[in-house]
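Asker: Task: produce atomic coordinates for the following.
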Amino acid sequence: MLENLRGIFRKRRRCETDTPPPPPTKESEIIPRYPADIDAETPESNDGFEASWMEAGSVHSPHSDRPFNASERFVTILDNLDARVEKLRKDALNLQEKKDYLLMSMDLIKSNEMMQNMSEAEREEIILYIQRVSSRLGTVELNVRTVRDNSQEDSLSQINALIDNMIKMGDPVIGRQRCQLYLNACCSSSMDPSGHMDTVPEADAGPIDKKFESVLLGCTLDDQKNIKKRLQALMGYLNKQTVSH
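Answerer: Now for the predicted structure:
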């Protein structure tokens, strides 16, 4: 009887020893699965995320010689999330540029000289239509915050005021000339290795607006890039307006 009990006890200990340790924590137990419908346009991003998770899990599998390291697992996940955040910022900035372009287009329509040739009733109808479209556009709120100090905020405000005044000129020829001066000011500066803007005239930059350039150099690098894109879009529109005349 005693020998039978010892045999049963030895078998139980042997089974407990041979039982493999529990598998590492799954991705879904740490962060929720990324909704497929949100990222429908780029489904491969989910595969990349899950692949990085599986790769990290395989390194620390129960059969690996290395001990399980939760810190490295989380670093892998956070690196992937950081890349997603950066992509989200870029997508939001692109949408912000599209919204700014739509706003600029409506401002140009309001200041177009052909509006002055319409009857008062026709002009009022067009203005009301523009207001309706502007109201709908106003329901779209996008806010990608660029870190600026007080001086950079003031510089950006001055730049926006200069561009707005140029748009409201009403004369596409004069507006195009002014826009070209502003755009040349953007192209006449280049970044030095430290990342700061340094005024280095380019051979094909052409005449520039010194006041605009001075204010531009007080803006952040991100703002300078966005200002240049805005002016390029505006120049394309003014070129078409000039040709049509």
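Asker: For Asn112, give its distance to Ala233.
Answerer: According to Cβ to Cβ, to the nearest Å, Asn112 stands 17 Å off from Ala233. C-beta here means a position set from N, CA and C on the backbone, and glycine is covered the same way.
Asker: for Asp171, that is, sorry about that
Answerer: From Asp171 across to Ala233, the span is 19 Å (Cβ to Cβ).
Asker: Could you count how many residues lie near Lys211?
Answerer: By other Cβ atoms under 10 Å, 13 other residues sit near Lys211.
Asker: which non-adjacent residue is nearest it?
Answerer: Leu162 (7.8 Å; Cβ to Cβ, 6 or more residues apart in numbering).
Asker: where does the one you found land in three-state SS?
Answerer: Under DSSP: H, G, I helix; E, B strand; the rest coil, Leu162 falls in the helix class.
Asker: what's the following helix or strand after the lowest-mean-pLDDT helix or strand in the chain?
Answerer: In the chain, no helix or strand scores lower on mean pLDDT, DSSP states H and E than strand 197-199, which sits at a mean of 43. Sequence order places helix 210-216 as the next helix or strand after strand 197-199, per DSSP states H and E.
Asker: which residues touch that following helix?
Answerer: 155, 158-159, 162, 181-182, 185-186, 188-189, 199, 224, 227 (Cβ atoms under 8 Å, 6 or more residues apart in numbering).
Asker: Stretch 97-105 now?
Answerer: Taking Cβ under 8 Å, 6+ apart as the criterion, the residues outside stretch 97-105 that touch it are 134, 137, 140, 142, 167, 226, 229-230, 233-234, 237.
Asker: Let's see if you can find the most crowded of those residues.
Answerer: Leu234 (22 neighbours).
Asker: ok now do that one, which residues does it touch?
Answerer: Contacts of Leu234 by Cβ under 8 Å, 6+ apart are 104, 163, 167, 179.
Asker: And for the first one, the neighbour number?
Answerer: What it means is Met104. So Met104, with other Cβ under 10 Å, has 17 neighbours.
Asker: which SSE is it in?
Answerer: In the assignment (DSSP H and E), Met104 maps to helix 70-111.
Asker: How many residues are close by Ile227?
Answerer: Using other Cβ under 10 Å, Ile227 has 23 neighbouring residues.
Asker: With Asp100 instead?
Answerer: The number of residues packed near Asp100 is 15, by other Cβ under 10 Å.
Asker: how about the strands in the chain?
Answerer: In the chain, strands defined by DSSP state E lie at 189-191, 197-199, listed in chain order.
Asker: quick one on the thing from earlier: so which of the contacts of helix 210-216 wins on neighbours?
Answerer: That'd be Ala185 among these, by other Cβ under 10 Å, with 26 neighbours.
Asker: I'd guessed that one sits against Asp209; true?
Answerer: Yes - with contact defined as Cβ atoms under 8 Å, Ala185 counts as touching Asp209 (5.5 Å).
Asker: and the residue nearest to Val215 when sequence neighbours are not counted, what pLDDT?
Answerer: Take Val215 and drop its neighbours on the chain: the residue closest to it by Cβ to Cβ, 6+ apart is Gln158, 4.7 Å away. pLDDT, Gln158: 95.
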